[in-house]
Structures are given as C-alpha cells and as structure tokens.
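**Q** Provided below for reference: sequence and predicted model.
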Amino acid sequence: MDNDKAVELRDIKVFPMDAEDLDAIMEIERVSFPNPWSRELFIRELSNAVSYQFIDKALVDGRETLVGYAILWIVADEGHILNIAIEPTLRRRGLARKFLDFILVFMEEKGVREVRLEVRRSNVGAIKLYESYGFIEEYVRKKYYGDEDAILMVLDLTKEGSLIRY
Ligand SMILES: CC(C)(COP(=O)(O)OP(=O)(O)OC[C@H]1O[C@@H](n2cnc3c(N)ncnc32)[C@H](O)[C@@H]1OP(=O)(O)O)[C@@H](O)C(=O)NCCC(=O)NCCS
C-alpha cells in the first residue's frame, strides 16, 4: 500500500481471527512493535480459552484487506487488551477508534467491569488514544519491555458513560 496515495477506505468490519490471517498479521506486527510477537504466540492465542482474537477488514482501493488486529483476554470480570495494531499506512484515519469501540462493547457484553493494558511509556499516540476513552494510568512496571517502562492503564467500564469517548 502506498502511503502517498489517497486510499479509498470503506466497509470496515470486524471478524474473528483465523490462522489464515497470520501472514498479513505478521507483516503488520513486525513493523509495529520493537519486540514483535512471534507467529507461534499468535497461534497459541487461537486456542487459549480466555483469549479472543479479532481482525479488522476494510475495502482498500476496492480490495478487502486486513487492516488491523487485536488480542484480548477476558478472565471473570476483567478484560485485558494484549495486542492491537493497525496497518502502518492506514493510521490516523480512525481505524483504531472504530476497533476499540467494538472491543469495549464486546467486553462489556461479556460482563467485563475493568479493562487493563500495558503500553510503552514512549508510545504517546497509543496513550492519547486510550486516554480519550477514559483509560487512566494505574501504575508503572519498571523496565517491563527490557529497555523501557510499561504504563499499566485501566478503564472502569461500570462508570456511567464509560463507553462514550470524551
Ligand atoms: C496505536 C495505533 C493502534 C493507533 O491506530 P490508528 O488507527 O492510527 O488510531 P486512530 O486513527 O483511531 O487515532 C485515534 C486518536 O488516537 C490518537 N493517536 C493515534 N495515533 C497517534 C499518534 N501517532 N500520535 C498522536 N496521537 C495519536 C489521536 O488522538 C487520534 O485522533 P486524531 O487522529 O483525530 O488526532 C497505531 O498507531 C498502531 O498500530 N501502532 C503500533 C502498534 C501499537 O503501538 N499498538 C498499541 C500498543 S499498546
């Protein structure tokens, strides 16, 4: 995909992740994180009882394309977003927002009361995105990523209006 080209982006839909999606996912994963997940890690998630895996597809220049993915865990009433990424050339078009809208409603419908995630301290874009949903910093895990601290963020889904961005 060409970043300079005006990309037609339509019909964004969420689907369950399938092993067949992993080639496209790994391409995004490798360029999205300093310590990308291995293919094996994704495969393990596909058969993990507490894990839910989703992909985001959209019509890009007329072709249905995998544009993002997310891995969530739900344990009792606690949700965890373990991984979320959007295809690099399609960022800042609101795709992560649409995906998070879906994820948070999905979690709420599953009875989740609190959602947690870890984010690199330097990942200001992601932190800004999460804060816009009302996620707040809970604590810092020092050198969680080896070279960098993780900010553990939490969202109280039981709070009135928690599914409305502000
Ligand atoms: C973080 C990520 C998922 C955001 O995806 P996206 O589709 O570009 O996000 P959106 O377009 O929905 O952005 C929504 C809002 O989040 C904030 N935001 C997102 N990326 C940002 C950035 N790079 N810098 C500043 N703010 C950013 C903005 O407030 C943005 O709204 P705006 O564009 O109207 O200003 C994407 O950058 C990504 O895949 N990054 C690599 C993987 C990653 O870091 N995942 C998160 C791990 S915790």
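**A** Thanks, I have the structure now. Residues are numbered from 1 along each chain as shown.
**Q** can you pull the buried residues of the helix or strand containing Glu45?
**A** Glu45 is part of helix 39-46 when elements are defined by DSSP states H and E. By neighbour count with 16 or more other C-beta atoms under 10 Å, helix 39-46 contains the buried residues Phe42, Glu45. (Each C-beta comes from the backbone N, C-alpha and C, glycine too.)
**Q** which outside residues touch that helix?
**A** By C-beta atoms under 8 Å, 6 or more residues apart in numbering, the surrounding residues in contact with helix 39-46 are Met17, Asp18, Ala19, Leu22, Ile25, Met26, Glu29, Ser51, Gln53, Ile71, Leu82.
**Q** Contacts only, for the fourth one.
**A** To tie it back to what came earlier, the one meant is Leu22. Contacts for Leu22 were tallied using C-beta under 8 Å, 6+ apart; they are Arg39, Phe42, Ile43.
**Q** quick check, nearest of those to Val115?
**A** Using C-beta to C-beta, Phe42 comes nearest to Val115 of the contacts of Leu22, at 20.9 Å.
**Q** Just the helices from this protein, written as ranges.
**A** For the chain, the helices defined by DSSP state H cover 22-32, 39-46, 95-109, 124-131.
**Q** how far is the longest one from where the chain is centred?
**A** On the basis of C-alpha atoms, centre = their mean, to the nearest Å, helix 95-109 sits 9 Å off its chain's mean C-alpha point.
**Q** which parts of this protein sit against the ligand?
**A** Residues of the chain lying near the ligand by C-beta under 6 Å from any ligand atom: 32-33, 84-86, 91-97, 117, 119, 123-126, 128-129, 132.
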